[in-house]
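> Sequence first, then the predicted structure, then my questions.
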Amino acid sequence: MLRKSLQFGHPLIQCDSGMKKYIRGQFNGKHLINLFRTRRYLRKALWYLTKYAYKRKNILFVGTTIPSARYVATTALKTKSFFVNFRWLGGMLNNWKTLRKLLQKLKTLQKEQKNKIWKNLPKKEVIARRKEKQRLEKYLKGIQMIKGFPEVVILTSQTKDISAARECKKMGIWNLSIVDTNCDPRLADLIIPANDDSASSIKFLLYHFAKAINAGRALAVMKKKFKNQLKTKLVKKRTI
């Protein structure tokens, strides 16, 4: 964890009062995070992620800062989860009906382009539709395939995506947040005190999140396979 820079916090003046108990000291005018607590909370988080993945919960990764955006997308894809890594649109969770309409609109535009329906339209209309498609893809590409409401949200940059954290709290959606010394731990159901400005710190934590989620999904597949095999054996016995 030291090598991945998880311990470095923000300048002393930026400290949130709720983060004081997760700090162990200071260096060069910045707070240092207590990595013993980070390790403890990480273990707890991995247990929850394995459990939720096993229960086949819809998991959504949110991280729109430059250090986190790339890793949020790759981690979500590796774990068959969903992600928002460009910008959080206000109301994505507490106005789910509107979001579903936007997703349907994007799907329609993509289908129209694929089926070459635009070739018969005026040039201005084609340009307008192409721009709208590109805009929607930028915001929604990570949740295009989502079929139900997100049940677990993982935030890698709480201060940047504070709206997402507040919506989770309001909607009662379980959320796990990486919290730096300037974050509010009260907005999360479970926190991991760590540096959220460092790419190496975020990558390290997301790597472990992915392992836990994939372990849970693998257990769920094994359970389903076992049930199917048992069911087949019972059917064979009845037919004998």
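Yep, that arrived.

> I figured Lys169 was touching Pro185, is that so?
No. With contact defined as Cβ atoms under 8 Å, Lys169 and Pro185 do not form a contacting pair (11.9 Å). C-betas here are computed from N, CA, C, even on glycine.

> Between these two, which has more neighbouring residues?
Pro185 (18 against 14; other Cβ atoms under 10 Å).

> Which helix or which strand is home to the most centrally placed residue in the chain?
In the chain, the centroid-proximal residue (Cα atoms, centre = their mean) is Phe61; its distance is 0.8 Å. In the assignment (DSSP states H and E), Phe61 maps to strand 59-62.

> repeat for His31
Here His31 is assigned to strand 30-33, by DSSP H and E.

> what sits up against the following helix or strand past that strand?
Counting by DSSP H and E, the next helix or strand C-terminal to strand 30-33 is helix 35-54. Contact partners of helix 35-54, identified using Cβ atoms under 8 Å, 6 or more residues apart in numbering, comprise 1-2, 6-7, 22, 24, 59, 79, 151-152, 174, 176, 190-194, 205, 208-209, 211-217, 219-220.

> The residue nearest to Lys170 when sequence neighbours are not counted: which element?
Closest residue to Lys170 apart from its sequence neighbours, by Cβ to Cβ, 6 or more residues apart in numbering: Asn94 at 5.9 Å. Under the criterion DSSP H and E, no helix or strand holds Asn94.

> Use 406 as the first number from now on
Got it, first residue is 406 now, which makes that one Asn499.

> wait, doesn't Asn499 sit right on Gly577?
No. Contact status for Asn499 versus Gly577: not in contact, 10.7 Å apart, counting by Cβ under 8 Å.

> Settle it for me: which of those two has more neighbours?
A count of neighbours by other Cβ under 10 Å puts Asn499 above the other of Asn499 and Gly577, at 15 against 7.

> Distance of the more buried one relative to Asn633?
Distance of Asn499 to Asn633, given as Cβ to Cβ, to the nearest Å: 39 Å.
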